[in-house]
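Q: Just to be clear, the model below is a prediction. Sequence and coordinates:
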Amino acid sequence: MLLNKLAGYAGIFLCICTLQSNIASAQAGMPAADTLRLTLQETEKIFLDSNLQLLAQHYNIHSSEALVEQARKWENPVLNTDQNLYANNRFLQHSSTDGEVFVQVQQLIKTAGKRGRQIDIAKTNVNQAEWQFKATMRSLHATLVTDFYTIAQLQGNAALYNDNMARLQKLKTAMEAALSAGNVARKEYLRVQALIVSLQQDMTDNAKSLSDAESELKTLLEVRGHVFILPETTEEESADVSGLSLAGLMDTARSNNTDYMQEVYQLQYQRQNLKLQHALGVPDLTVGTEFDQSANYAPNYYGLALSIPIPILDRNRGNIKSARWQVAGEEAMMKEADNKLQNDVQNAFEKLLMTAQLSAGTNKAFYFDYAQLYKNIVESFNNRQISMIEFLDYFNDYQDVRKQQLQQVLNLRLAKLNLNDMVGKDIVR
């Protein structure tokens, strides 16, 4: 009886020994022809070349630039004419005695620098469009990089799950035979089955998350059809934060953060609008010249016409007051934007410092040592030095530790991305 039981365990041990690595199975089910292997640099290039949201924002810049050109234009001169149609029982009389010819040309001349102020506002709109483009690009780029590295992490999870599932399935098959022979307790067999069910749920959840990330990344890259994007990256990640200071980061952020700079130009726009409203309270001058034949004291009359509204009823005071309040409101928003920027940059910097510390050499050594320990546990189980219950406990612990390792790599990458996004410049790579 003892020999039969030992033989049953030996069959289990042999099955486990045959499974050392199955990482390639993480991409199982995807035809090779449909797999698009990309590095991060290649992904970024495709994104910049093909993303339609960026293209639409770029068109907005050209649209604003065209309005600057339009603001530089003078108003068209106005031509007025009055020709004799019927007089003295005759039509279209144009002689010096029987008909009149009247021609007038007028030109509007804007006063108080209105034209220059309108040009300034148009230029500010161009700056706002440019920073809106940069904001869109950085937001989409952050999503792109997040999806890229998230897919890499989820694929690492999938490789781990597939490898462990293969181990458990082989163990389950061997235990079924041993259970039929009465060499394994049923509770041990059920313990393996429970692990398989739990692992199947983890694999399904991971596959759903992977599908969501793939869909979003394909949309950003304008990729269609049954294509699987496979990030080509390593698990090596570091962050050099030794030369960074909060004060330096804030100085950089105040010149490069897209949200902050949009607020800067929005305040500039409101101040320029206030100046324009003051200028609009000053009447414009209309200058013209006219010629009149046979309708004045002189047969051929040449005159100079000047026209200007009298600012008695409307001095644009309501619009000036409204613009002044808009400036005050925007100044308050500017202070809020500065406070938010300081808090966001400090928060992102502190998170990066904490995450980088967790990714230091000590933890890297721990993950390496724990992987070696797991190999020793497998070997000990094969040599019947530990029980199956002990092996399954280490099995679960190793899976958790390995997932934590993959998550830590992703966390460091996202912490660097977050700080770069807050500062508005890639200062940590």
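A: All right, it came through fine.

Q: rest of the way, CA atoms for contacts and neighbours
A: Fine.

Q: quick one: the helices in the stretch 101-250 of the chain?
A: For the stretch 101-250 of the chain, applying DSSP state H, counting those that start in this stretch gives helices covering 114-180, 186-220, 246-256.

Q: Put together TSV for these, with mean neighbour count on each row.
A: Below are those laid out as TSV (neighbours: other Cα atoms under 10 Å):
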stretch	mean neighbour count
helix 114-180	20
helix 186-220	16
helix 246-256	16
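
Q: Glu232: which of those is closest?
A: helix 114-180 (7.9 Å; Cα to Cα).

Q: Quick check: which of the helices of the stretch 101-250 of the chain is nearest to Gln372?
A: That would be helix 114-180 among the helices of the stretch 101-250 of the chain, by Cα to Cα, at 15.6 Å.

Q: tell me the mean pLDDT for the closest one?
A: Averaged across helix 114-180, the pLDDT comes to 92.

Q: That helix versus helix 246-256: what angle between them?
A: 120 degrees (axes from the mean of the first three to the mean of the last three Cα atoms, to 10 degrees).

Q: and helix 114-180, what does it pack onto?
A: helix 2-17, helix 40-50, helix 52-71, helix 186-220, strand 228-231, helix 258-280, helix 388-423 (3 or more Cα pairs under 8 Å, 6 or more residues apart in numbering; DSSP states H and E).

Q: Let's have these in CSV, adding mean pLDDT.
A: Output for the helices and strands packed on helix 114-180, formatted as CSV (pLDDT from 0 to 100):
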stretch, mean pLDDT
helix 2-17, 43
helix 40-50, 93
helix 52-71, 93
helix 186-220, 92
strand 228-231, 94
helix 258-280, 97
helix 388-423, 90
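
Q: any chance of the ones you listed in TSV, with distance to Lys123 too?
A: Compiled in TSV, those are given as follows (distance: least, Cα to Cα, whole Å):
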stretch	distance to Lys123
helix 2-17	71
helix 40-50	26
helix 52-71	6
helix 186-220	31
strand 228-231	42
helix 258-280	9
helix 388-423	25
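
Q: hang on, isn't Gln132 packed against Gln57?
A: Yes. Counting by Cα atoms under 8 Å, Gln132 touches Gln57, with 7.5 Å between them.

Q: mind checking which of the helices and strands packed on helix 114-180 is nearest Leu246?
A: Evaluated with Cα to Cα, these place helix 388-423 nearest to Leu246, the distance being 10.5 Å.

Q: Can you name every helix or strand that that closest one contacts?
A: In this structure, helix 388-423 packs against helix 114-180, helix 246-256, helix 317-358, helix 361-382, with contacts taken as 3+ Cα pairs under 8 Å, 6+ apart.

Q: JSON lines for these, including distance to Glu235?
A: Formatted as JSON lines, the helices and strands packed on helix 388-423 follow (distance: least, Cα to Cα, whole Å):
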{"stretch": "helix 114-180", "distance to Glu235": "9"}
{"stretch": "helix 246-256", "distance to Glu235": "27"}
{"stretch": "helix 317-358", "distance to Glu235": "14"}
{"stretch": "helix 361-382", "distance to Glu235": "11"}
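
Q: Sweet, I'm off.
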